[in-house]
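Participant: Would you be able to build a 3D model of this:
(one chain, ligands or ions: 3)
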Amino acid sequence: MSDVKAVQHASHWGAYRVLVQDGRIVGTEPIPEDPAPSPIIGSITDWVDPARRIAQPMARESWLEAKRAGRPTDGSGRGQERFVPLSWEEAFRLVASEIDRVRQDHGNDAIFAGSYGWTSCGRFHHAPSQLKRMLNLVGGYTGHVDTYSIAAGPAILRHTLGSDEACVGKASTFDAIAEHTQTLLVFGALAPRTAQNEAGGIGAHTLEENLKRIAERGVRVVHISPVKDDLPEWVGAEWWPIRPNSDTALMLALAQEIRRAGNHDLTFLERYTSGADLFLDYLAGHSDGVEKTAEWAATLTGLDAQAIRDLAAQLPATRSMITVSWSLQRAQHGEQPYWAALGLASVIGQIGLPGGGVGYGYGSLGGMGAAIPLSRSPSLPQLTKPNRAFIPVARITDLLLNPGGAFDYEGKTYRYPETRMVYWAGGNPYHHHQDLNRLERAWARPETIVVQDPCWTAAALRADIVLPATTSLERNDIAGNRRCDLIIAMQKAVEPLGEARNDFDIFCGLAKELGVLEDFTEGRDEMGWLRHMYEKVRHNSQERFGHAMPDFDGFWEAGYVPVPTKENHTYLEAFRADPDASPLTTESGRIVLGSQLLAERCYEDCLAHPAWLPPQEWLDGKRAGFHLLSNQPTGRLHSQLHQGPTSLAEKRNGREQLRLNPADAEKLAIADGATVRVWNERGSCLATASLTDAVTPGVVVLPTGSWLTYSQDGRLELSGNPNVLTPDVPTSSFGQGCAAHTCMVQIEAYDGPAPDPTDYYDRSLRQAVAQG
Ligand SMILES: Nc1nc2c(c(=O)[nH]1)N[C@H]1C(S)=C(S)[C@@H](COP(=O)(O)OP(=O)(O)OC[C@H]3O[C@@H](n4cnc5c(=O)[nH]c(N)nc54)[C@H](O)[C@@H]3O)O[C@H]1N2
Ligand SMILES: Nc1nc2c(c(=O)[nH]1)N[C@H]1C(S)=C(S)[C@@H](COP(=O)(O)OP(=O)(O)OC[C@H]3O[C@@H](n4cnc5c(=O)[nH]c(N)nc54)[C@H](O)[C@@H]3O)O[C@H]1N2
Ligand SMILES: [Mo]
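Facilitator: Ligands and ions are numbered 1, 2, ... in the order given. Purely as a prediction, here's the structure:
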C-alpha cells in the first residue's frame with residue numbers, strides 16, 4: 001500500500017482535501033479555515049461509484065437507426081427504448097451533424113441550449129459555459145434568463161431598486177446586521193441547511209457565526225415561516241407559523257398599521273421613493289375598498305392580529321431589518337413578497353442605515369450575506385451570442401409545447417422559437433422542473449435531445465445521445481465565484497471512469513467537427529486555461545485593490561488563496577446620503593413603490609404597486625388538502641450524490657421523508673414511519689411520513705432531488721419526488737419565475753405495492769443500457 005495523498009479539491013458545498021490511496025478515494029477532510037464544513041463532502045465517493053455512471057457514449061436505438069440511414073428522427077420511444085454504445089468519433093460526428101442540420105435548415109434559434117443546471121463548481125469545465133461558448137462560434141442558440149433559484153425576485157427588484165444586487169449577495173452584509181440590528185424579521189429561513197452550498201464554491205461557512213452574535217446581543221428575532229427548524233433553536237427566535245404564500249399580506253398590514261399609528265417615515269417616502277401615494281392608497285383601501293389592517297392579515301395568514309399590531313409599533317421604534325428568503329419568490333406572485341418587503345422597509349424608513357432596511361436570500365446560499373468579494377472571479381468567456389432568442393428559465397415546457405407562442409417578460413412581449421434540438425450539459429431538468437408529467441409530454445417533441453452528464457440521471461435516460469462527462473474528481477479545475485471568499489484549486493484525484501471525457505475535451509471534439517476548434521481553444525489546453533483564468537483574477541485584485549496573490553504555480557501548490565472582500569457593508573448607504581448624486585437606475589431614480597411601467601401594462605398578476613394576490617392554490621379554506629413545500633434537501637445538492645451517505649441518511653425506508661404535523665397525521669391515521677401516497681391532479685408519489693411539531697398544521701414538507709422513479713405503469717413515483725406534484729405555472733407575466741412552492745396535495749396511508757426505489761431505478765437502468 002502506498003501513502004495516503006491529500007489532494008486539494010472543492011465543490012459547491014465547500015473546499016476540502018480528497019484522501020487518495022492507490023488510486024482510490026479513502027476519505028475527505030475539510031480545510032482547517034472553515035468553521036462549519038458541510039457533511040456533504042463525505043458523499044463524493046458516490047461520484048466514483050460506477051453503478052449509475054455513464055461508461056461510454058450511447059444512443060437510443062431507433063433514433064440511431066434513423067440517423068444512420070439518413071431518415072428524419074423523432075421523439076417517439078424516447079425514455080422507453082434501449083441505448084446502444086457508440087465510439088466517441090461517431091458520437092461527435094452525429095451530434096455535430098445534428099447541430100449543423102438544424103441550424104442550416106431551421107436557424108440557430110431552433111437549438112435550445114439554455115441548459116440550466118448546477119453541474120460542477122469548477123469554473124473551467126463548467127459544462128453550460130463550455131456549451132454556450134462552442135455554440136456561439138457557430139451562430140448561437142436559444143438560451144435562458146434568470147435561474148430556478150431566483151427569477152421573480154430579481155425581475156421586480158431590477159425595476160424597483162434598479163438592480164438585483166439586494167438579492168444576489170450585495171445587500172447589507174450579515175456582520176453589519178449582527179452588530180446593529182435590534183429587531184430582525186426573518187421571512188422564510190436563515191438555514192445552515194441551505195447555507196452549506198454556494199454556486200462555484202465557498203471557503204468559510206459563516207452563517208452560524210453571525211447568528212451566534214445575533215443571539216448573544218439579544219436581538220429580537222421574529223421567524224415567520226410554516227417551518228420552525230430552519231432557524232437554529234439557539235437563536236431564540238419567536239416562531240410565527242404563517243400560512244405558506246401569505247407573507248405579502250403580513251408585510252402590507254405591518255406597513256398599514258405603522259402608518260395608521262402615524263409612525264411612517266414621510267420624509268423617507270418623499271425623498272427616496274416614487275409612486276408611494278399609489279401604495280399608501282392601496283394600503284388604506286382607497287383603491288379596492290379593503291384596508292390592509294392587522295385583522296385583515298390575521299385572517300389570511302393565520303397569525304394573531306394583536307401580535308401584528310405590537311410588532312408594527314416596534315419596527316419603526318428600533319433598528320429593524322427585514323430578511324426574505326429566496327423561497328418566498330419561488331411561488332405564484334413571488335414578485336409581491338419581495339416588493340412588499342421593500343414597501344414595508346420604506347415606510348419604516350431605515351434603508352441605507354447600518355442594520356436597517358431589507359435584504360433578500362440571506363443563508364439561501366452560503367455566500368449570501370457574507371463579506372463581499374471585490375475582484376472579478378474566474379470564468380470561461382462565453383463569447384458574444386450572435387442571436388437573441390431566450391426563454392425565462394422555468395418556461396422550458398411552454399417553449400416546447402407552444403412554438404411561436406407569445407410570452408411577456410419584464411414588461412415586454414416575445415415569442416417562443418420552434419425547437420428542433422435540445423442540448424443539456426450539466427443540469428437535470430427531470431430534477432428541477434415543475435409538473436414533470438407535463439414536461440414528459442413536451443419532451444417528446446424535439447427531433448434530437450443530447451444530454452451530457454457523468455450519471456444516468458432521469459434526463460439522460462430520456463435523451464437520444466448521451467455523452468459521458470467526467471466528474472470534477474477526474475480532472476483539474478478552479479473554483480471561486482462572485483460570492484466566494486477564496487479561489488480554490490480543484491486538483492485531479494482519480495483517473496476518469498470508463499470512457500468518460502472532460503467537458504472541455506467533449507466540446508473540443510465537437511468544435512473540431514464543426515471547424516471551430518482553434519477559436520474554441522484559443523490554443524490553450526486545460527492547464528493553460530486554468531493559468532489564464534487565475535492570472536486575470538490575480539491582476540485584477542492587484543491593480544484595483546492592491547491585494548497581492550501568488551502566481552499560478554504558488555497558488556496551485558498552496559491549494560487556495562483568499563480574494564479581497566468587503567465586510568460591514570450597508571446597502572444603499574450612498575443613495576441615502578445623497579439620492580441626487582447617487583440615484584438608482586429605476587424609472588424615477590428612486591425606489592419604485594408605484595410603477596409607471598406596470599400601470600401601463602395592466603397585468604392582472606402584477607399590479608402597479610405591491611399587492612396581495614392570492615395564489616391559484618393555497619390554504620384558503622376553500623379546498624381540502626395540504627400545502628406542500630418542496631424545500632432543498634439537507635444531505636445533498638439537488639439531485640447530485642443522491643446515493644451518497646449524507647443523502648441516504650435523510651431518507652427512511654429508502655424514500656424521502658414527508659414531514660407533517662402529528663395532529664394532521666392523527667386525523668389521517670398515519671403513523672410515524674408509515675408509507676404515504678401524496679397526490680393531486682398532476683401526479684402522485686410515495687414518501688415516508690415523518691411526524692414533527694416543527695411543521696405547522698396544514699403544511700407538509702417534501703425535499704427535492706430524489707431520483708425520479710416511476711412504477712411500471714408510469715403513474716406512481718416511488719422515491720418521493722415532489723416535482724410530479726408541483727404546478728408548472730409562472731410567478732407572473734412580469735417575472736415568469738418558478739413557482740414550486742405553490743402546491744396543494746392530498747395524502748393517504750398507503751399499503752399497496754411499494755418496491756424499493758433504488759433497486760427499481762437500477763433495474764430499469766440495466767434494462768435500458770443492456771448491450772444487445
Ligand atoms: N419543487 C421544487 N423544484 C425545484 C426547486 C424547489 O425549491 N422546489 N428548486 C429549484 C432550484 S433553486 C434549482 S437551482 C434547481 C436545480 O436543478 P439542477 O441544477 O438541474 O440540479 P442538479 O441536480 O444540481 O443538476 C446538476 C447535474 O449536473 C451533473 N453534473 C455534475 N457534475 C458535472 C460535470 O462535471 N459535467 C457535467 N456535464 N455534468 C455534471 C449532475 O450529475 C446533475 O445531473 O432545482 C429547482 N427545482
Ligand atoms: N443542502 C442544500 N442546500 C442548498 C441546496 C440544496 O439542494 N441542498 N440548493 C441551493 C439552491 S440552488 C438554492 S436556490 C437555495 C434555496 O434556498 P431557499 O429558497 O432559502 O430554500 P428552501 O429550502 O426552498 O426554503 C427555505 C424555507 O423557506 C420556507 N418557506 C417556504 N415557503 C414559504 C412561504 O411561503 N412563506 C414563508 N414565510 N416561508 C416559506 C420554508 O421553511 C423552507 O424550508 O438553497 C441552496 N442550498
Ligand atoms: Mo437554486
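Participant: Might you name the residue of the stretch 351-500 of the chain sitting closest to ligand 1?
Facilitator: As assessed by Cβ to the nearest ligand atom, ligand 1 sits closest to residue 432 within the stretch 351-500 of the chain, at 3.2 Å. For glycine as for every other residue, the C-beta is placed from the backbone atoms N, C-alpha and C.
Participant: Need the per-residue pLDDT for that residue.
Facilitator: Predicted confidence (pLDDT) for residue 432: 98.
Participant: Equivalent analysis for residue 772, please.
Facilitator: If you check residue 772, the pLDDT there is 42.
Participant: Contacts only, for the closest residue to residue 11 other than its chain neighbours.
Facilitator: Nearest residue to residue 11, sequence neighbours excluded (Cβ to Cβ, 6 or more residues apart in numbering): residue 121, at 5.3 Å. By Cβ atoms under 8 Å, 6 or more residues apart in numbering, the residues touching residue 121 are 10, 11, 12, 199, 200, 201, 472, 479, 490.
Participant: hang on, the earlier thing: got a list of what the residue of the stretch 351-500 of the chain closest to ligand 1 touches?
Facilitator: 116, 117, 148, 638, 704, 723.
Participant: residues touching the residue nearest to residue 115 when sequence neighbours are not counted, list them.
Facilitator: In space, and not counting its chain neighbours, residue 115 is closest to residue 128: 4.6 Å by Cβ to Cβ, 6+ apart. Taking Cβ under 8 Å, 6+ apart as the criterion, residue 128 is in contact with 115, 116, 117, 119, 425, 426, 427.
Participant: List phi and psi for residue 128.
Facilitator: phi -60, psi -40 (degrees, to the nearest 10).
Participant: what's the distance between it and residue 205?
Facilitator: From residue 128 across to residue 205, the span is 25 Å (Cβ to Cβ, to the nearest Å).
Participant: again with residue 76
Facilitator: Residue 76 is 48 Å from residue 205, where distance means Cβ to Cβ.
Participant: Likewise for residue 196?
Facilitator: Residue 196 is 7 Å from residue 205, by Cβ to Cβ.
Participant: For these two, list the residues in contact with both.
Facilitator: Counting by Cβ under 8 Å, 6+ apart, the residues touching both residue 196 and residue 205 are 14, 38, 366.
Participant: Tell me how many other residues surround the last one.
Facilitator: Just to be clear, that refers to residue 366. 29 (other Cβ atoms under 10 Å).
Participant: how much space between it and ligand 2?
Facilitator: 8 Å (Cβ to the nearest ligand atom, to the nearest Å).
Participant: quick one, phi psi at that residue?
Facilitator: With angles defined as degrees, to the nearest 10, residue 366 sits at phi -60, psi -30.
Participant: Touching, it and residue 208? I think so.
Facilitator: No - shown here, residue 366 and residue 208 do not form a contact pair, counting by Cβ atoms under 8 Å, at 10.6 Å.
Participant: Could you find the closest non-adjacent residue to the most centrally placed residue in the chain?
Facilitator: Most central in the chain under Cα atoms, centre = their mean is residue 149, positioned 3.0 Å from the mean C-alpha point. Computed as Cβ to Cβ, 6+ apart, the closest residue to residue 149 that is not its neighbour in sequence is residue 326, at 5.6 Å.
Participant: Quick one: neighbours of that neighbour, just the number.
Facilitator: Residue 326 has 28 neighbouring residues, counting by other Cβ under 10 Å.
Participant: Lovely, talk soon.
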